[in-house]
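Participant: Coordinates only, no sequence provided:
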Ligand code: FES
């Protein structure tokens, strides 16, 4: 990330690595949403389709820090086909270097570096009933989903939105306007901890019970999401119809990544076939390299973001053969059983492996 103001001690150079996944975006506008949250509207001149996105996806930003550049993921609050420019919303975290830098230092005209949008937190269909449970800044991807579904779909969208108090409600005015403009299609239940206390499983179940045949998406603090998932499970909602967005801090910069030389110490290389964007590519897969590194090394545009097994952006499916993963916590047991893997964490475990990224 590069701040254009001179003498800013937080200035970080543009990524200089060859084949850097980061692209330059210009800050078009900064919007103060609440006392501790602001939106940053981004222009993407000349980048075009590389930054096409689905509602609910996120950007990975390269952020300066006293210890060098670090990366953080921020959900897009804008919606494709609705908003002309991308917008992220950042809530200040007490003591958080990154969120405070974004909230204090970034100004219109600054240049930020971001990787193309990624993430699996997007509705299976926009034209179906959607039940959205958001806590605090977990509203950000929900705004993107709501705007896209109101435009593309015709079914009802129900938002349950929990906040500490009235002052901490991000997008209150925008939600009110959307609900008024789409009566009967967008229903918003506000939950204020200052008035009603922390939402419990029984209370959430009472609100969502009429909507258990909707696709459910949850984003917010862990305790809130756990409570929401338990409420839905208690009402008999199939776990496959519940999507949860988990954000975790990354320990490194995914744009700076060391790939080991091929080595047969772990076993011979495997034959690999990969379906990506409607084409099948054949190559060898060294036993000591991660699938994502092999694909990027071949010049393929495989999706990724964190490279740490924490975001799910690189998820793909094993069609044939076996792989072993170092880290898989972001995947649910059902997804693993269905053959989903994380390409940034997967090494080959059979002589032949066939992978597809082209799942619906
Ligand atoms: Fe984030 Fe693989 S790139 S899990």
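Facilitator: Now that the structure is in, tell me what you want to look at. Note that the coordinates shown come from a computational prediction; the quantities given were computed from them, not determined experimentally. Numbering: from 1, shown residues only.
Participant: Now do the SS call for the spatially closest residue to residue 302 that is not a sequence neighbour.
Facilitator: Nearest non-adjacent residue to residue 302, counting by Cβ to Cβ, 6 or more residues apart in numbering: residue 295, 4.0 Å away. Just so you know, the C-beta spots here come from the backbone N, C-alpha and C atoms, and that holds for glycine as well. Judged by DSSP: H, G, I helix; E, B strand; the rest coil, the three-state class of residue 295 is helix.
Participant: what's the burial count for residue 295?
Facilitator: By other Cβ atoms under 10 Å, the residues close to residue 295 number 25.
Participant: From what I see, residue 291 and residue 323 are in contact.
Facilitator: Yes: with contacts counted by Cβ atoms under 8 Å, residue 291 reaches residue 323, the gap being 7.2 Å.
Participant: Now the common contact residues for the two.
Facilitator: By the contact definition Cβ atoms under 8 Å, 6 or more residues apart in numbering, residue 291 and residue 323 are jointly contacted by 341, 346-348.
Participant: buried set for stretch 299-308?
Facilitator: 300, 302-308 (16 or more other Cβ atoms under 10 Å).
Participant: now do stretch 67-83
Facilitator: In stretch 67-83, counting by 16+ other Cβ under 10 Å, buried: 69-80, 83.
Participant: Repeat that for stretch 306-323.
Facilitator: Buried, per 16+ other Cβ under 10 Å, within stretch 306-323: 306-318, 321, 323.
Participant: Then stretch 263-274?
Facilitator: Applying 16+ other Cβ under 10 Å to stretch 263-274 flags 269-270, 272-274 as buried.
Participant: Residue 43 against residue 28, yeah?
Facilitator: Yes: between residue 43 and residue 28 there is a contact under Cβ under 8 Å: 4.6 Å.
Participant: residues in this protein within reach of the ligand, list them.
Facilitator: 304-307, 309-314, 330, 342, 344 (Cβ under 6 Å from any ligand atom).
Participant: how near is residue 122 to the ligand?
Facilitator: Taking Cβ to the nearest ligand atom, to the nearest Å as the measure, residue 122 falls 15 Å from the ligand.
Participant: same thing with residue 116?
Facilitator: Distance of residue 116 to the ligand, computed by Cβ to the nearest ligand atom: 12 Å.
Participant: Tell me the gap between whichever strand or helix holds that residue and the middle of its chain.
Facilitator: Assigning secondary structure by DSSP states H and E places residue 116 in strand 111-118. The chain centroid and the centroid of strand 111-118 are separated by 12 Å under Cα atoms, centre = their mean, to the nearest Å.
Participant: What average pLDDT does it get?
Facilitator: Averaging pLDDT along strand 111-118 yields 90.
Participant: Would you mind pulling up the elements that it packs against?
Facilitator: Judged by 3 or more Cβ pairs under 8 Å, 6 or more residues apart in numbering; DSSP states H and E, strand 111-118 is in contact with strand 23-34, strand 37-43, strand 58-63.
Participant: Could you look over those and pick the most buried one?
Facilitator: strand 58-63 (a mean of 25; mean count of other Cβ atoms under 10 Å).
Participant: now that strand against strand 23-34, angle please.
Facilitator: 100 degrees (axes from the mean of the first three to the mean of the last three Cα atoms, to 10 degrees).
Participant: Just checking: what are the partner strands of strand 58-63?
Facilitator: With DSSP bridges as the test, strand 58-63 is paired with strand 70-75 (antiparallel), strand 111-118 (antiparallel).
Participant: Taking strand 37-43 as reference, get the angle to the longest one.
Facilitator: Spelled out, it's strand 111-118. Going by the same axes, to 10 degrees, strand 111-118 makes 90 degrees with strand 37-43.
Participant: so how far is the helix or strand of the chain with the lowest mean pLDDT off the chain centroid?
Facilitator: For the chain, the helix or strand with the lowest mean confidence is helix 333-337, at a mean of 79 (criterion: mean pLDDT, DSSP states H and E). Centroid separation for helix 333-337 versus its chain: 19 Å, with Cα atoms, centre = their mean.
Participant: Could you do stretch 214-231 as well?
Facilitator: For stretch 214-231, the distance from its own C-alpha centre to the chain's C-alpha centre is 16 Å (Cα atoms, centre = their mean).
Participant: mind listing what's buried in that stretch?
Facilitator: For stretch 214-231, by 16+ other Cβ under 10 Å, it's 214-220, 224-225, 227-229, 231.
Participant: between these, which is closest to residue 36?
Facilitator: Residue 36 lies nearest to residue 220 out of those, by Cβ to Cβ, at 15.6 Å.
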